[in-house]
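Novice: model the structure of this input:
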Amino acid sequence: MNRYSIGSIAGILVLWEILVRGLEVPKFLLPAPTTIITYIIAKSQLLVSHTLMTFMEAGTGFIIGSIGAILTAIAFLWSHPFKEMFYPYAVILNSTSIVAIAAPIVIIFGSGMWSKVITAVICVYFPVLGPTFKALASVGASELKWMDSYHSSRWQKFRYLQFPFALPQMFASFKVAWTLAVIVFPFSAIAQEAIVHEAWFVHMESAGGWVAVEKGFYGKIGVKEVQGGPGISPIQKVVASVRAGNIAFGNDYPENIIRAREKEGIDLVVVSVDFQTSAMRIISWNPIKSAKDIKGNFGIWIGYDAKAKCAVGKGWEKQFTIQNQGGDIKPWLMGTWPLASAMTYNELITAQRETKKMGKKFYTTDYKDLGIDWMDNVLFTTGEMIKKYPEVVQAVVAGRYKGFQWALDNPKETFEILKKTNEGLDFAHEMDAVASMKALMITADTKKNGLGFIHPKKWENVAKDMFKAGLLEKMPEVKKVYSDRFPSGVIPK
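Specialist: Down below sits the predicted model:
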């Protein structure tokens with residue numbers, strides 16, 4: 001490369017930088033060169049590990065495909081009927097689009113290493129087969145007659161004449177084949193994109209997924225995090241997403257998963273549990289000593305009323321009236337409602353801060369004290385997704401809890417990551433939530449089995465309580481609701 005080439009490249013990069021910044025082009029459309037360089041430096045370790053994996057997968061496919069193509073070319077050379085039978089199909093398959101080949105392979109073989117290797121083998125096989133066979137078959141008649149004059153065997157003709165003659169063409173085909181083996185990977189990743197529908201807005205309680213995306217903990221699985229909100233059902237969003245052909249996950253409460261399976265017939269399967277105990281509390285202006293004290297207007301989020309109903313039991317509607325709490329607890333603070341719902345990592349922090357300003361005292365009741373010992377925030381998908389994409393499920397579970405572990409260890413840095421999506425986050429509020437999250441996630445069970453652990457006894461509690469309260473017509477087959485095949489492998493510190 002001469003100085004003119006270097007100068008032209010430098011000029012293009014400078015012009016690119018000036019135009020992008022001067023015209024304020026969004027980063028997602030065209031980032032500036034300095035932005036790209038900064039990203040490469042920041043993600044260097046991740047990029048290096050992915051590059052090495054790509055070369056390993058491409059190299060394996062290249063070697064298998066090349067050897068297979070050479071052996072097939074030799075078979076074509078030595079067997080005319082074999083060549084007439086199969087060579088036309090080789091020509092047809094060679095002209096087939098790589099996109100058409102890659103997607104079915106990923107669906108059949110999953111999204112792990114071998115689906116990519118198989119795709120690379122196919123892309124390498126045909127570009128090597130054609131030139132190699134033609135080169136082997138194009139040895140001149142005079143050279144073959146000369147070998148015949150020495151009574152050479154077919155093997156000797158191949159070893160000393162045909163194979164050496166074909167080597168230049170073979171090596172030329174290797175150049176093309178290696179390029180195809182590498183560029184095939186974006187296409188073989190078509191079916192590896194996954195969507196995770198969170199239950200609520202971006203806050204510390206859902207930090208695992210957002211951190212995993214930012215830090216690359218999902219590995220080669222492309223994951224898109226989608227925040228939820230009050231009245232938005234992650235279950236319906238997952239079902240719609242799967243029907244649209246996506247690999248989708250959701251985060252919701254265990255009772256909602258059971259209810260969807262039993263009442264709507266949706267084949268949902270839980271693959272991990274974020275919070276080993278429930279973070280949901282009842283906040284009240286008067287003490288609650290038993291379920292009989294749950295009376296009057298009760299602020300609860302839509303779809304999250306099962307705990308209160310189970311605590312009171314059949315006839316709950318005679319004791320309290322559910323009010324749609326939405327995104328805040330203002331009606332309770334104003335005294336409009338005697339009861340409201342609060343998560344230990346969110347609304348309870350708000351209640352403590354606001355009542356202190358007001359100079360008032362309030363009471364907090366744990367549902368466990370009312371006999372409701374459940375868990376919260378379970379990660380689920382469909383049975384179909386588990387059958388088709390077990391590698392993706394495992395990667396999402398492992399990545400999510402690597403993200404949670406990092407978030408708990410680095411709360412300040414996590415806040416900056418979350419703020420990119422939700423600029424309205426309050427720093428002090430999110431920091432106060434960390435202690436609560438640790439209590440919910442780090443237990444004796446997760447210290448032994450890893451974050452995301454699924455406790456069968458808790459699921460039995462949920463099902464029995466719902467059936468007893470009349471929320472289910474029959475006792476469900478609890479073991480079908482969850483799958484413990486996908487441990488996170490993340491042991492909390």
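Novice: how is the chain partitioned into domains?
Specialist: When the chain is parsed with automatic domain parsing, its domains come out as 45-188, 193-278+374-480, 282-370.
Novice: strands along this structure, start to end?
Specialist: Taking DSSP state E as the criterion, the chain carries its strands at 194-197, 223-226, 247-252, 268-275, 280-284, 296-300, 320-324, 339-343, 363-366, 376-382.
Novice: below-threshold pLDDT in this structure: ranges please.
Specialist: Counting by pLDDT under 70, the chain shows low-confidence ranges at 1-2, 4, 27-29, 46, 96-103, 106-112, 184-192, 230-231.
Novice: without its sequence neighbours, what residue ends up closest to Leu370?
Specialist: Of all residues not flanking Leu370 in the chain, Ala311 sits nearest, at 4.3 Å (C-beta to C-beta, 6 or more residues apart in numbering). C-beta here means a position set from N, CA and C on the backbone, and glycine is covered the same way.
Novice: surely the one you found meets Asp369?
Specialist: No - contact between Ala311 and Asp369 fails when scored by C-beta atoms under 8 Å: they sit 9.5 Å apart.
Novice: of these two, who's got more company?
Specialist: Taking other C-beta atoms under 10 Å, Ala311 and Asp369 do not tie; Ala311 has more neighbours (21 against 16).
Novice: the nearest residue to Asp252 once chain neighbours are set aside: neighbour count?
Specialist: Excluding its sequence neighbours, the residue lying closest to Asp252 (C-beta to C-beta, 6+ apart) is Pro234, at 4.7 Å. As a burial measure, Pro234 scores 24 neighbours (other C-beta under 10 Å).
Novice: what's the answer for the one 5 residues further on, then?
Specialist: Taking other C-beta under 10 Å as the criterion, the count of residues near Val239 is 19.
Novice: just Ile9 next, same as before
Specialist: Residues within reach of Ile9, counting by other C-beta under 10 Å, total 11.
Novice: with Lys480 instead?
Specialist: Here the number of neighbours of Lys480 (other C-beta under 10 Å) works out to 12.
Novice: and it, how close does it get to Tyr253?
Specialist: 18 Å (C-beta to C-beta, to the nearest Å).
Novice: do the same with Trp146
Specialist: The spacing between Trp146 and Tyr253, counted by C-beta to C-beta, is 83 Å.
Novice: when these two are compared, which one has more neighbours?
Specialist: Between Trp146 and Tyr253, Tyr253 has the larger neighbour count (other C-beta under 10 Å), namely 24 against 12.
Novice: so how far is Ser241 from the more buried one?
Specialist: Shown here: Tyr253 relative to Ser241, a distance of 19 Å by C-beta to C-beta.
Novice: that older thread, quick one: closest of the domains of the chain to Phe486.
Specialist: Among the domains of the chain, the nearest to Phe486 by C-beta to C-beta is domain 193-278+374-480 (4.5 Å).
Novice: what is the burial count for the closest residue to Tyr39 other than its chain neighbours?
Specialist: Sequence neighbours aside, Pro31 is the residue nearest to Tyr39 in space, at 7.7 Å (criterion: C-beta to C-beta, 6+ apart). Residues lying near Pro31 (other C-beta under 10 Å) number 16.
Novice: list the residues that contact Gly452.
Specialist: Counting by C-beta atoms under 8 Å, 6 or more residues apart in numbering, Gly452 touches Ser272, Val273, Asp274, Leu379, Val397, Arg400, Tyr401, Thr446, Pro487, Ser488, Val490.
Novice: list the residues that contact the nearest residue to it once chain neighbours are set aside.
Specialist: Among residues not flanking Gly452 along the chain, Ser272 sits closest, at 3.4 Å (C-beta to C-beta, 6+ apart). Taking C-beta under 8 Å, 6+ apart, we find Ser272 in contact with Val378, Leu379, Val397, Arg400, Tyr401, Gly452, Phe453, Ile454, Phe486, Ser488.
Novice: Lys83 too?
Specialist: Neighbour list for Lys83: Ala75, Phe76, Leu77, Phe133 [criterion: C-beta under 8 Å, 6+ apart].
Novice: counting neighbours, which of these end up buried?
Specialist: Phe76, Leu77, Phe133 (16 or more other C-beta atoms under 10 Å).
Novice: turn these into TSV, including distance to Gly61.
Specialist: Converted to TSV, those look like this (distance: C-beta to C-beta, whole Å):
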residue	distance to Gly61
Phe76	22
Leu77	24
Phe133	20
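Novice: can you flag which of those belong to helices?
Specialist: If you go by DSSP state H, those have Phe76, Leu77, Phe133 in helices.
Novice: please name the nearest non-neighbouring residue to the last one.
Specialist: Right, the one you point to is Phe133. Ala73 (4.0 Å).
Novice: residues near that neighbour, how many?
Specialist: Around Ala73 there are 25 residues (other C-beta under 10 Å).
Novice: that older thread, quick one: which of the contacts of Ser272 sit in helices?
Specialist: With helices taken from DSSP H, the overlap with the contacts of Ser272 comprises Val397, Arg400, Tyr401.
Novice: now the second one. Nearest residue, chain neighbours left out?
Specialist: Read it as Arg400. Counting by C-beta to C-beta, 6+ apart, Arg400 lies nearest to Gly208, which is 4.6 Å off, once chain neighbours are set aside.
Novice: contacting residues around the one you found?
Specialist: Gly208 makes contacts with Asp274, Arg400, Tyr401, Lys402, Gly403, Phe404, Ala407, as judged by C-beta under 8 Å, 6+ apart.
Novice: same thing but 7 Å
Specialist: Going by C-beta atoms under 7 Å, 6 or more residues apart in numbering, Gly208 touches Arg400, Tyr401, Gly403, Phe404, Ala407.
Novice: please tell me which one of the residues you listed counts the most neighbours.
Specialist: When neighbours are counted by other C-beta under 10 Å, Arg400 leads the contacts of Gly208 with 33 neighbours.
Novice: surely the residue nearest to Leu370 is in contact with Asp373?
Specialist: No - Ala311 is beyond contact range of Asp373, at 11.1 Å (criterion: C-beta atoms under 7 Å).
Novice: before we move on, the earlier item: now the residue nearest to Tyr39: how far from Lys43?
Specialist: Taking C-beta to C-beta, one finds Pro31 at 13 Å from Lys43.
Novice: and what of Lys419?
Specialist: Taking C-beta to C-beta as the measure, Lys419 falls 20 Å from Lys43.
Novice: closest one of the buried ones among the contacts of Lys83 to Ser153?
Specialist: Nearest to Ser153, judged by C-beta to C-beta, of the buried ones among the contacts of Lys83 is Leu77 at 14.4 Å.
Novice: how about the contacts made by the nearest residue to that closest one once chain neighbours are set aside?
Specialist: Leaving aside its sequence neighbours, Leu77 sits nearest to Leu136 (C-beta to C-beta, 6+ apart; 4.9 Å). Leu136 is in contact with Ala73, Leu77, Gln162, Ala166, counting by C-beta under 7 Å, 6+ apart.
Novice: spatially, which two of those are the most separated?
Specialist: The widest separation within the contacts of Leu136 (C-beta to C-beta) is 10.3 Å, between Ala73 and Gln162.
Novice: show me where the stretch 1-150 of the chain has helices.
Specialist: For the stretch 1-150 of the chain, the helices defined by DSSP state H, counting those that start in this stretch cover 3-22, 33-42, 44-78, 80-94, 98-109, 113-137, 141-149.
Novice: please identify the deepest-packed of those.
Specialist: Most buried of the helices of the stretch 1-150 of the chain, by mean neighbour count (mean count of other C-beta atoms under 10 Å): helix 113-137, with a mean of 23.
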